[in-house]
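Peer 1: Fold the following and give me the result.
(one chain, ligands or ions: 2)
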Amino acid sequence: MKIAVLPGDGIGTEIVAEAIKVLNALDLKFETEFALAGGVAYAAHGHPLPQTTLKLAKEADAVLFGAVGDWRYDQLDRPLRPEQAILGLRKHLGLFANLRPAICFEQLADASSLKPELISGLDILIIRDATGDVYFGQPRGRRTAVDGPFPGTEEGFDTMRYSRPEVERIAHVAFQSAQQRAKRVTSVDKANVLETSQFWRDIMTEVGKQYPDVELDHMYIDNAAMQLVKAPKKFDVIVTGNLFGDILSDEAAMLTGSIGMLPSASLSASHRGLYEPSHGSAPDIAGKGIANPLATILSAAMMLRFSLKQTTAANRIESAVRDVLASGLRTADIYSEGTRRVGTSEMGDAVVAAIARSARTD
Ligand code: IPM
Ligand code: MG
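Peer 2: Numbers count the residues shown, from 1 in each chain. Ligands and ions are numbered 1, 2, ... in the order given. Below you'll find the model as predicted:
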């Protein structure tokens with residue numbers, strides 16, 4: 001098994017190091033190869049996703065990714081900005097299915113800004129298409145407006161679009177995931193306004209007929225954003241497009257107490273996968289050793305489960321994380337009174353120790 005490791009920018013290096021530490025604590029045979037992506041890759045090679053990095057990612061069995069984004073490069077032309085690394089990997093590896101679970105660990109129910117009873121036991125899965133929509137739609141750019149309220153003036157524009165196969169394949173991922181869970185899918189769109197969304201909704205309904213055991217409902221994005229904070233536990237699987245999914249997944253992450261807890265998987269049709277925390281590169285706390293590595297550690301567990309077919313090892317990581325939380329250790333983002341504040345590497349060490357303890361009692 002070969003894992004391409006792309007730590008990226010900001011806290012990426014620190015959190016990925018902890019995930020590797022945890023992987024090394026398991027009895028697995030794997031090789032890792034590191035490469036640059038994001039702002040650090042731009043600084044070294046003049047491109048956020050160098051050919052060598054892309055090649056490595058394509059050849060590996062799985063990609064473990066940290067985070068990209070660095071304000072120092074925000075002024076660059078868009079194709080050179082750090083974010084293009086992750087967008088390029090999603091596109092070139094065909095990673096259309098972005099799975100973002102939002103699970104509230106019992107011990108963290110009071111770290112959420114919502115009342116504990118609203119979120120304790122929360123377990124929802126956001127499935128976001130990650131290779132289509134207005135993120136990649138052409139044409140896009142700047143031009144002189146020919147119509148609209150101010151013809152003859154400068155305008156910026158993007159294209160929202162989805163093709164039938166793109167909607168069908170993400171629909172199947174959603175329905176099949178729901179079959180393993182509570183068997184409910186909520187498809188989120190803006191069909192009251194957008195043509196693309198009405199098309200999306202029609203196809204979701206059509207594909208849903210092949211899954212009579214799964215209940216499908218549709219919700220507008222604005223209502224979904226509201227329902228997520230009002231009664232998040234009513235959801236099981238949420239399936240949505242790239243732009244709406246970007247927004248809803250940050251919102252859902254925060255429900256669980258901290259975006260620092262949430263892993264994600266991006267899968268292709270052939271189950272090739274990239275695994276990354278749902279959060280960003282947090283340049284403000286980079287290098288301070290205080291970032292929460294648990295989202296990345298849990299992403300490594302998803303990698304073992306989905307791409308490397310090591311279910312037992314994945315379970316061991318997840319239960320070690322639960323043990324560590326139960327023992328009261330917290331990074332700053334999930335700290336509350338009565339718990340013990342630890343740094344990034346102490347948290348990683350604690351997960352390793354919990355794995356070692358479980359090995360002894362097995
Ligand atoms: C995410 C991020 C990315 C996105 C950025 C870094 C391009 O916000 O993974 O959610 O918008 O998809
Ligand atoms: Mg995002």
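Peer 1: what does the stretch 1-150 of the chain put close to ligand 1?
Peer 2: Along the stretch 1-150 of the chain, the residues adjacent to ligand 1 under the rule CB under 6 Å from any ligand atom are G69, E83, I86, L87. Just so you know, the C-beta spots here come from the backbone N, C-alpha and C atoms, and that holds for glycine as well.
Peer 1: Contacts only, for the first one.
Peer 2: If you count contacts by CB atoms under 8 Å, 6 or more residues apart in numbering, G69 has them with D9, G10, G38, G39, P82, E83, G280, S281, P283.
Peer 1: which one is the second one nearest to, not counting chain neighbours?
Peer 2: Here the nearest residue to G10 in space, its sequence neighbours aside, is S281; by CB to CB, 6 or more residues apart in numbering that works out to 3.0 Å.
Peer 1: quick check, the one you found in a helix?
Peer 2: No. Per DSSP: H, G, I helix; E, B strand; the rest coil, S281 lies outside any helix segment and is coil.
Peer 1: for the stretch 1-150 of the chain, what spans make up the helices?
Peer 2: 12-24, 39-45, 51-59, 83-92, 116-119 (DSSP state H, counting those that start in this stretch).
Peer 1: Out of those helices, which gets nearest to Y162?
Peer 2: For Y162, the closest of the helices of the stretch 1-150 of the chain is helix 83-92, at 15.1 Å, according to CB to CB.
Peer 1: Can you classify N192 by secondary structure?
Peer 2: coil.
Peer 1: What about the closest residue to ligand 1 within the stretch 251-362 of the chain, how many residues nearby?
Peer 2: Nearest residue of the stretch 251-362 of the chain to ligand 1 (CB to the nearest ligand atom) works out as G280 at 6.3 Å. G280 has 18 neighbours, counted by other CB atoms under 10 Å.
Peer 1: what does F30 give?
Peer 2: 16.
Peer 1: That one - nearest residue in space that isn't next to it in sequence?
Peer 2: M1 (4.1 Å).
Peer 1: and that neighbour, how many neighbours does it have?
Peer 2: 16.
Peer 1: G8 versus that one, what's the distance?
Peer 2: Going from M1 to G8 by CB to CB, to the nearest Å gives 21 Å.
Peer 1: do the same with G132
Peer 2: According to CB to CB, G132 stands 23 Å off from G8.
Peer 1: Who has more neighbours out of these two?
Peer 2: G8 (28 against 22).
Peer 1: pLDDT wise, what is that one at?
Peer 2: Note for G8: predicted pLDDT of 98.
Peer 1: Enumerate every residue touching the residue of the chain found nearest ligand 1.
Peer 2: Distances between the chain and ligand 1 by CB to the nearest ligand atom are smallest at E83, namely 3.9 Å. Contacts for E83 (CB under 8 Å, 6+ apart) come out as G38, P48, V68, G69.
Peer 1: Quick check: the two most widely separated of those?
Peer 2: Taking CB to CB as the measure, the contacts of E83 span a maximum distance of 10.1 Å, between P48 and G69.
Peer 1: So for those two, which residues contact both of them?
Peer 2: Joint contacts of P48 and G69 (CB under 8 Å, 6+ apart) are G38, G39, P82, E83.
Peer 1: how about the helices in the stretch 251-362 of the chain?
Peer 2: Under DSSP H, counting those that start in this stretch, the stretch 251-362 of the chain gives helices at 294-306, 311-326, 344-361.
Peer 1: And ligand 1, is the first one touching that?
Peer 2: Pointing back at helix 294-306 there. No. Helix 294-306 lies out of reach of ligand 1 by CB under 6 Å from any ligand atom, never closer than 11.9 Å.
Peer 1: what separates that helix from the chain centre, distance-wise?
Peer 2: Its chain's average C-alpha position is 11 Å from that of helix 294-306, according to CA atoms, centre = their mean, to the nearest Å.
Peer 1: Could I get the buried residue list for stretch 100-113?
Peer 2: The neighbour-count check on stretch 100-113 (16 or more other CB atoms under 10 Å) flags R100, P101, A102, I103, C104, F105, Q107, L108, A109, A111, S112 as buried.
Peer 1: Fine by me, thanks again.
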